[in-house]
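1. Sequence first, predicted coordinates after that:
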Amino acid sequence: MLAIFLLSGAAGLIYEVVWARQLVLVFGNTTQAVSAILTGFFGGMAIGSAFGGRLADRVRRPLRLYGAIELVLVVIVLITPITFRLLHEVYRAAFGTLEATPLALALVRFGLALLALAPATVLMGATLPTLTRYLTRGAADLTAAFGKLYAANTIGAIVGTALSGFVLIEILGLSGTLAFGAACSGAAGLLALGLDRRSVALTARESGLVRLSENTASPDPPASPELDMGTRTSRFRLALAIAFVSGLTSLAYQVLWMRLVASGTGNLTYIFTMILATFLTGIALGAMAFNIIRQRITQTVAVLAVTQVATAILVLGGMVVLDAHFGESGSFAAFLQKTILVVLPTTFVIGISFPASAALLAGPAHQSGSRSGLLLAVNTIGAIVGTFVVPFLVIPAVGSATALGLVALANAATGVALALAGGVESRLWRTSTATAGAALLVVVSVALLSGSLFVDPSISRIKSVGGTIFRSAEDEIASVQAGSLGGSKQLWVTGTSMTALTVDARLMLVLPLMLRPAATSNLTIAFGMGSAYRESIRAGLNTDAVDIVPSVPLMFGQFYPDAAAILARPQGHVIIADGRNHVELTARTYDMVVVDPPPPIQSSGVSVISSHEFYQATKARLTPGGVMMQWVPFGQTIDEFKAHVRTFRDVFPNVIVANGPGGNGFFMLGSDAAIGFDPVAIRAVLSRPGIVDDLSSAYDSPKHAQDDWAALIPTLVRLEGSQVAAFAGPGPLITDDRPLPEYFVLRQRFGPPSPALTLEEVAP
């Protein structure tokens with residue numbers, strides 16, 4: 001039975017991972033869009049938990065119901081790619097109508113996400129209360145059944161997280177991974193139906209009658225005599241309150257740890273997979289620990305009070321560990337150590353708390369499905385609230401580090417309230433828990449008010465390596481700092497250096513302009529320091545710049561003294577949005593598109609703006625003869641770079657690959673028309689006011705005069721014409737379904753060796 005639910009848990013996390021990536025392609029990767037996706041996912045789960053539990057209480061064979069749910073889920077899962085494609089077209093039409101009304105568009109996103117995910121997630125939400133009803137013979141069995149199933153489901157979720165993040169997506173792609181999850185659901189459903197038939201047949205042989213086994217429809221034993229109806233009702237309400245707090249704070253911690261623990265690690269997909277796997281491991285261990293000790297527990301409310309206060313203490317202690325390790329090199333070993341020390345102890349206690357709340361669900365066995373379902377639904381609603389309150393309200397107001405302290409205070413306050421509410425019989429437990437929680441509330445509140453509790457790890461990391469910070473800001477997406485390091489101005493996002501005032505950055509606009517000197521419009525994706533946007537405005541182009549992080553454009557003035565004047569120009573627009581989403585949904589067309597993906601090239605989400613589908617969408621937004629520039633930095637193997645070139649060349653028939661003179665990477669320039677660096681066009685662009693001065697003022701610039709730049713530009717070309725296809729050769733393309741740059745561990749570990757990308761390797 002537990003194996004069945006382990007399969008179900010693994011499938012559930014696989015669905016969540018794959019659907020999140022697929023729906024980001026529909027709605028974008030902004031916090032608002034991701035919140036809509038999570039609301040659709042968790043909202044369906046909550047509905048399924050509440051109504052699935054009630055249905056399980058009414059059927060004679062809940063195990064057969066569970067098997068049917070899993071098999072129907074398989075069908076729905078397998079058609080979701082078709083559903084999402086239809087959803088994309090509906091959202092595209094809505095965007096064209098509602099682009100000027102963000103609130104209405106946000107409501108459409110939430111509605112469409114819920115509509116797309118609800119058929120599957122409602123069924124997923126119904127599984128745990130249905131199996132809980134099957135395993136519950138009497139009121140005393142509810143705690144045991146719920147705890148075991150919750151632990152098994154979480155272990156399955158760990159397996160699903162690890163498999164999807166480290167193995168399946170790289171090998172099978174998103175569609176293949178989704179099919180693997182469907183196979184897990186199908187196996188769980190078939191096993192459940194087989195077990196149900198065997199159970200019925202066994203009961204019939206033993207009794208001579210075809211009737212249900214006592215597992216499913218036996219009469220309820222009398223309710224515990226020591227609990228009257230009023231007491232049971234108050235305990236049930238308390239369980240729901242704890243479930244809500246647990247869901248809210250757990251998701252809040254997950255959101256905050258994803259930012260704080262991962263600071264400076266390069267935003268890799270594997271980093272987030274490790275944090276989530278550690279998070280779930282702690283919860284599973286806590287749930288298993290509760291299953292071991294539950295029979296010795298006589299004061300459930302005391303356990304809940306202690307776990308709430310202990311959660312707060314461990315969260316704050318974890319921040320001390322994080323502060324002490326901010327100067328680590330950023331190696332995987334250092335990150336893993338931080339993750340285990342910060343995340344695991346806290347989630348272990350959380351794992352005890354939630355199943356412990358099920359011990360308060362005393363009541364008739366025939367109501368076990370509805371009661372456990374309602375508990376799960378309220379817990380899930382708390383999680384939905386956490387995904388809204390923390391990123392949208394708390395983080396922009398006080399920052400991630402302080403937000404973590406505030407969430408810990410919520411746990412401490414809950415623990416104190418439980419200790420003082422009269423449910424803790426032992427005076428020692430009541431007094432010690434209330435005192436510890438109250439002391440924590442006072443100390444942390446004073447520290448928060450004085451601003452002396454914790455420092456953003458991103459800031460600490462920058463200062464630890466000798467960096468100076470000019471300005472810092474934090475929004476719902478990231479923590480952003482402008483400053484200098486080693487005499488060079490830099491931009492950091494969540495502790496990772498994004499860009500500097502290099503000559504390569506300033507050429508990102510200049511090179512495509514030399515290929516199309518008559519261009520009048522430009523789209524820049526990823527604002528960065530504003531170098532390409534500034535050059536575009538100064539060149540007289542109508543310019544849209546799109547960046548997903550609201551705080552990044554705020555740093556523009558720290559890098560260029562004329563930033564305010566540039567931003568005031570009427571032909572420029574800075575748009576806070578997802579770049580891929582903008583390209584696919586806007587009706588505007590451009591003569592040039594400049595894309596500078598955030599480093600490293602393996603970062604989570606980079607594939608979205610370097611895939612075959614993205615290049616096709618960008619090509620559709622270019623005017624005839626328009627030029628796209630895609631920046632590809634060093635820090636990858638030659639085979640990985642060839643995949644980028646191959647994918648770009650498959651969309652654009654005319655491609656030039658040029659190296660940056662600063663030695664930071666390569667420019668891929670593509671068009672549907674013939675392109676080449678014409679000496680007359682080069683000189684015409686260099687003659688525009690400020691171009692040569694800007695190029696020569698970069699800290700790593702050769703500081704040439706105009707004639708020297710005119711001679712240098714053609715020498716930067718490494719590949720052109722037929723040389724591009726010959727260099728790239730045959731091989732896989734980067735697609736939305738196969739995000740090769742982000743998933744690479746198996747290729748690097750077990751595939752044929754590939755040398756590191758160097759300038760010398762890129763040649764005809």
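-> Perfect, thanks for sending it.
2. For the rest of this, base every contact and every neighbour count on C-alpha atoms.
-> Noted.
3. can you list the domains in the protein?
-> Segmentation of the chain into domains, based on automatic domain parsing, reads 1-216, 228-465, 502-750.
4. For those domains, could you give me TSV that also reports distance to residue 478 and mean pLDDT?
-> Supplementary listing: these in TSV, determined by distance: least, Cα to Cα, whole Å; pLDDT from 0 to 100:
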stretch	distance to residue 478	mean pLDDT
domain 1-216	10	87
domain 228-465	7	82
domain 502-750	7	95
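5. can you put these in TSV and add distance to residue 480 and mean neighbour count?
-> Output for the domains of the chain, formatted as TSV (distance: least, Cα to Cα, whole Å; neighbours: other Cα atoms under 10 Å):
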stretch	distance to residue 480	mean neighbour count
domain 1-216	16	21
domain 228-465	8	21
domain 502-750	6	20
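6. Looking at those, which is nearest to residue 758?
-> Among these, domain 502-750 comes nearest to residue 758, with 7.4 Å by Cα to Cα.
7. So what's the gap between that closest one and the chain middle?
-> Per Cα atoms, centre = their mean, to the nearest Å, the displacement of domain 502-750 from the mean C-alpha position of its chain is 26 Å.
8. Straight-line length of it, end to end?
-> Counting by Cα to Cα, to the nearest Å, the length from the leading to the trailing residue of domain 502-750 is 36 Å.
9. quick one: contacts for residue 258?
-> Residue 258 makes contact with 272, 275 under the criterion Cα atoms under 8 Å, 6 or more residues apart in numbering.
10. mind checking how far it is from residue 310?
-> Remark: distance between residue 258 and residue 310 (Cα to Cα) = 21 Å.
11. Who are the packing partners of the lengthiest helix in the chain?
-> When the chain is scanned for its longest helix (criterion: DSSP state H), the result is helix 169-207. Contacting helix 169-207 under the criterion 3 or more Cα pairs under 8 Å, 6 or more residues apart in numbering; DSSP states H and E are the following elements: helix 2-27, helix 62-98.
12. Nearest to residue 531 among the ones you listed would be which one?
-> Judged by Cα to Cα, the one of the helices and strands packed on helix 169-207 that comes nearest to residue 531 is helix 2-27, at 27.4 Å.
13. Now tabulate the domains of the chain in a markdown table and tack on distance to residue 471.
-> Formatted as a markdown table, the domains of the chain follow (distance: least, Cα to Cα, whole Å):
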| stretch | distance to residue 471 |
| --- | --- |
| domain 1-216 | 23 |
| domain 228-465 | 10 |
| domain 502-750 | 7 |
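14. Residue 488 is nearest to which of the ones you listed?
-> Smallest distance to residue 488 across the domains of the chain (Cα to Cα): 7.0 Å, for domain 502-750.
15. Between the two ends of stretch 418-434, how far is it?
-> First residue to last in stretch 418-434 (Cα to Cα) measures 8 Å.
16. quick one: which of the helices and strands packed on helix 169-207 is nearest residue 407?
-> Residue 407 sits nearest to helix 2-27 of all the helices and strands packed on helix 169-207, at 24.9 Å, using Cα to Cα.
17. list the helices and strands the closest one packs on?
-> With contacts defined as 3+ Cα pairs under 8 Å, 6+ apart, the secondary structure elements packing on helix 2-27 are helix 31-58, helix 62-98, helix 141-163, helix 169-207, helix 579-585.
18. now the angle from the longest one to helix 2-27?
-> Here helix 169-207 runs at 140 degrees with respect to helix 2-27, directions being taken by axes from the mean of the first three to the mean of the last three Cα atoms, to 10 degrees.
19. go on, the first one?
-> Following the same axes, to 10 degrees, one obtains 150 degrees for the angle between helix 31-58 and helix 2-27.
20. now for helix 31-58, which elements pack on it?
-> Contact analysis of helix 31-58 by 3+ Cα pairs under 8 Å, 6+ apart lists helix 2-27, helix 102-135, helix 368-388 as its packing neighbours.
21. can you rerun that using 6 Å?
-> Where contact means 3 or more Cα pairs under 6 Å, 6 or more residues apart in numbering; DSSP states H and E, helix 31-58 is packed against helix 102-135, helix 368-388.
22. Make CSV from those helices and add distance to residue 527 to it.
-> As requested, the helices and strands packed on helix 31-58 are exported to CSV (distance: least, Cα to Cα, whole Å):
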stretch, distance to residue 527
helix 102-135, 21
helix 368-388, 26
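23. Quick check: which of the helices and strands packed on helix 169-207 is nearest to residue 393?
-> Counting by Cα to Cα, residue 393 lies closest to helix 2-27 out of the helices and strands packed on helix 169-207; the figure is 21.3 Å.
24. related to what we said a few turns ago, who wins for proximity to residue 472 among the helices and strands packed on helix 2-27?
-> helix 31-58 (19.8 Å).
25. which SSE is residue 278 in?
-> Residue 278 is part of helix 269-293 when elements are defined by DSSP states H and E.
26. Check what contacts that helix and list those residues.
-> Surrounding helix 269-293, the residues in contact under the criterion Cα atoms under 6 Å, 6 or more residues apart in numbering are 151, 154-155, 158, 165, 344, 347-349, 351-352, 604.
27. hmm, try it at 8 Å
-> Under the criterion Cα under 8 Å, 6+ apart, residues 144, 147-148, 150-152, 154-155, 157-158, 161-162, 165-166, 254, 257-258, 262, 265, 336, 339-340, 343-352, 354-356, 603-604, 742-743 lie in contact with helix 269-293.
28. tell me the secondary structure for residue 461?
-> At residue 461, secondary structure determined by DSSP: H, G, I helix; E, B strand; the rest coil is helix.
29. Pretty sure residue 762 sits against residue 716.
-> No. Residue 762 is beyond contact range of residue 716, at 11.5 Å (criterion: Cα atoms under 8 Å).
30. related to what we said a few turns ago, nearest to residue 525, out of the helices and strands packed on helix 31-58?
-> Closest approach to residue 525 among these (Cα to Cα): helix 102-135, 20.4 Å.
31. Please name the nearest non-neighbouring residue to residue 497.
-> With sequence-adjacent residues excluded and distances taken as Cα to Cα, 6 or more residues apart in numbering, residue 497 is closest to residue 491, at 5.8 Å.
32. next one: residue 761
-> Once its chain neighbours are removed from consideration, residue 761 has its nearest residue in residue 638; the separation is 7.3 Å (Cα to Cα, 6+ apart).
33. same check, this time on residue 336
-> residue 274 (7.9 Å).
34. same thing with residue 687?
-> Closest residue to residue 687 in three dimensions, ignoring its sequence neighbours and counting by Cα to Cα, 6+ apart: residue 706, at 7.8 Å.
35. Can you list phi and psi of residue 479 for me?
-> Reported as degrees, to the nearest 10, the phi and psi values for residue 479 are phi -100, psi 130.
36. quick one, what contacts it?
-> With contacts defined as Cα under 8 Å, 6+ apart, residue 479 is in contact with 458, 472-473, 493-495, 551.
37. again, only using 7 Å
-> Residue 479 sits next to 473, 493-494 when contact means Cα atoms under 7 Å, 6 or more residues apart in numbering.
38. Using CSV, list the CA coordinates for stretch 636-655.
-> As requested, C-alpha coordinates have been extracted for stretch 636-655 and formatted as CSV (Å, rounded to 0.1, in the frame of the first residue of the first chain):
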residue,chain,number,x,y,z
GLN,A,636,30.8,25.8,-21.5
THR,A,637,32.2,22.9,-23.6
ILE,A,638,32.7,23.1,-27.3
ASP,A,639,29.9,20.6,-27.9
GLU,A,640,27.5,22.7,-25.9
PHE,A,641,28.5,25.8,-27.9
LYS,A,642,28.0,23.9,-31.1
ALA,A,643,24.4,23.1,-30.0
HIS,A,644,23.8,26.9,-29.6
VAL,A,645,25.2,27.6,-33.0
ARG,A,646,23.3,24.7,-34.6
THR,A,647,20.0,25.8,-33.1
PHE,A,648,20.5,29.4,-34.2
ARG,A,649,21.5,28.4,-37.7
ASP,A,650,18.5,26.1,-38.1
VAL,A,651,16.2,29.2,-37.8
PHE,A,652,18.3,31.9,-39.5
PRO,A,653,19.7,31.0,-42.9
ASN,A,654,22.4,33.7,-42.7
VAL,A,655,24.6,33.7,-39.6
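39. If anything else comes up later, I'll come back, but that's it for now.
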